[in-house]
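> got a predicted model here, sequence first, then my questions.
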Amino acid sequence: APLAQAVNDLNYDHCTADTGFRGDVPIQDLPHNSLQKICPGRKVDEAEPLGQPMCGDGGAYSFYFTKPKVSLANEEKLLIEVQGGGACWDSATCAGRSNLLSMPTLFDFFLGFSCTDIQTALDSPFGFELGITALCAQRIGNVNLSTYNTIFIPYCTQDIHIGDKIIDYNSSDNNGTQVVAHHGGHNIMATLDWVIQNFPNLKYIDITGCSAGGTAMPFVYDLLNKHYNNNEERVSINVIMDSAVFLTPEPFLRNYFGNWNPETMITMTGIDFEQIQYDPDYATKLTEHILQTGGDDQWGFVTHEKDPVSLKFWEAMGGVGNIDDWWSEMSASFEVWKESSDNFDTFLIPDAEEHCSLGLHYALETPGFDSWASEIWKEVEVDNGVSNAPTVIPSPVSNAPTADSNGSGNDANKAPAVTPSPVSDAPSADSNDSDEQSSSFSIFFGISNVFAATLISVVCLIAI
């Protein structure tokens, strides 16, 4: 399996109080019902593939994680959401998006809070439309996502999450060098390595991503599928891609695709990179390959018939035509996927010109989506002879790690586990165990952070 099995060869020197908990902190020491930030380790041997997670500016990468409240705790349900936010591939495009090459810290405003309180803040008592949904506070069909362990993978590499290259664009426009770490593939691998170390008994995995995050879905699915479904027992892994930007014109493939070195991630799927690297239909063929090798898992694609952001990036990559030409190519790919698999379907958001946002926001506002999505994200017993009854995780020993609680032993190369700085007015790990949250607390949080949430919305809606 491509995912690493051992964590003994990881270094955490880059992790600080600002980057959250170290990735080797035992999961039972993380608080329940409370958003936390996790800093994954980097492989000591830098020659090992995809082992150096970092953002485009070289800074530390972290992902966000929350467990259900104690009464709903389990180790069998996992929701993964991958953030979108554009792409860059040369000096000009990366200079224009340099602010998106750093770890997005705006989400830190929500550290320590439950999914319900996050959603209350996003709903905003002032009536602003922030255009974001906290998926971990939602229900789709009969699936209550608040019962799922949830991971949010932020985006800070501008390479649709598949990059494996540090490149110096050597821009004369900025009076010097312009070094960008397109290490999106490393960040995905480090996050999924953490998943397999902490969730060996999963039964249900739901994954989604907006735009560039949606484009990464075939890779995320393939890695999880190869690890969890390599024996007689099957884990249900179901996918909803939201407005994925996957159309890739030949001029981009020939002139710029190599700047990300996507060959590492693409080759891991079993596709011959040399045969498809200049093929404008490479993403269609790659997804078709994964659909055909992925078993009975369900796939869905959400899109608007008119998507100005996707059109913008298609044109920037060398696509020629208008919105109708773009839609024609999109539709052709959908037909290929539908013909290759009975498990793929699309959901068109009608009468709207829009892209996507976090948490399947626009889709959830659209009549008919819940019914459609409930046929994709559903808890159906997999025929492997194993009971589907959730396994309850014991209550955590403590709500915060200590310096010697990370299992590092005598490994002198590991820095002590980091406890994040306390968040003002944050509830304790056990205080959010009731179904009803404190309305006064939620309203206070919504008012005090509405500006931060608005900024988050701006970042998320910038681009793919």
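Received the coordinates, thanks.
> is it true that residue 135 touches residue 82?
No: with contact defined as Cβ atoms under 8 Å, residue 135 does not count as touching residue 82 (11.7 Å). The C-beta positions use only the backbone N, C-alpha and C, and glycine is treated the same way.
> mutual contacts of these two, please.
residue 208 (Cβ atoms under 8 Å, 6 or more residues apart in numbering).
> who's more crowded, the two?
More neighbours surround residue 82 than the other of residue 135 and residue 82, with 31 against 23 (other Cβ atoms under 10 Å).
> starting at the chain centroid, how far to stretch 51-58?
Offset of stretch 51-58 from its chain centre (Cα atoms, centre = their mean, to the nearest Å): 16 Å.
> residue closest to the middle of this protein?
residue 82 (1.8 Å; Cα atoms, centre = their mean).
> for that residue, list each beta-bridge partner.
Here residue 82 sits in beta bridges with residue 153, residue 209, as judged by DSSP bridges.
> hmm, residue 213 and it touching each other?
Yes: at 3.4 Å, residue 82 counts as touching residue 213 under the criterion of Cβ under 8 Å.
> residue ranges in the chain under the pLDDT threshold?
Filtered on pLDDT under 70, the chain yields the residue ranges 1-8, 125-129, 171-177, 381-464.
> need the longest strand for it.
strand 344-353 (DSSP state E).
> which helices and strands does it pack with?
Judged by 3 or more Cβ pairs under 8 Å, 6 or more residues apart in numbering; DSSP states H and E, the packing partners of strand 344-353 are strand 299-306, helix 323-340, helix 361-364, helix 369-373.
> with mean neighbour count and distance to residue 272 added, can I get these in CSV?
Listed next are those as CSV, based on neighbours: other Cβ atoms under 10 Å; distance: least, Cβ to Cβ, whole Å:
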stretch, mean neighbour count, distance to residue 272
strand 299-306, 22, 23
helix 323-340, 15, 18
helix 361-364, 22, 35
helix 369-373, 17, 34
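> okay, the ones you listed in JSON lines with distance to residue 219 next?
Shown next, in JSON lines, are the helices and strands packed on strand 344-353 (distance: least, Cβ to Cβ, whole Å):
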{"stretch": "strand 299-306", "distance to residue 219": "14"}
{"stretch": "helix 323-340", "distance to residue 219": "16"}
{"stretch": "helix 361-364", "distance to residue 219": "22"}
{"stretch": "helix 369-373", "distance to residue 219": "22"}
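> nearest to residue 252, out of those?
Residue 252 sits nearest to helix 323-340 of all those, at 13.8 Å, using Cβ to Cβ.
> between the closest one and strand 299-306, how many degrees?
160 degrees (axes from the mean of the first three to the mean of the last three Cα atoms, to 10 degrees).
> by how many degrees do helix 323-340 and strand 344-353 diverge?
160 degrees.
> quick one, what contacts the closest residue to residue 251 other than its chain neighbours?
In this structure, residue 251 finds its nearest non-sequential neighbour in residue 318, 3.2 Å apart by Cβ to Cβ, 6 or more residues apart in numbering. Each residue near residue 318 by Cβ under 8 Å, 6+ apart is listed here: 249-252.
> give me that answer again for 10 Å
Under the criterion of Cβ atoms under 10 Å, 6 or more residues apart in numbering, the neighbours of residue 318 are 248-256, 280.
> also residue 141?
370-379.
> let's see that with 8 Å instead.
So residue 141 contacts 370-371, 373-375, 377-378 (Cβ under 8 Å, 6+ apart).
> then residue 54?
14, 42, 60-61, 181, 183, 186-187 are the contacts of residue 54 under Cβ under 8 Å, 6+ apart.
> correct me if wrong: residue 73 contacts residue 67.
Yes: using Cβ under 8 Å, residue 73 is in contact with residue 67, at 6.3 Å.
> who has more neighbours, the two?
residue 67 (25 against 21).
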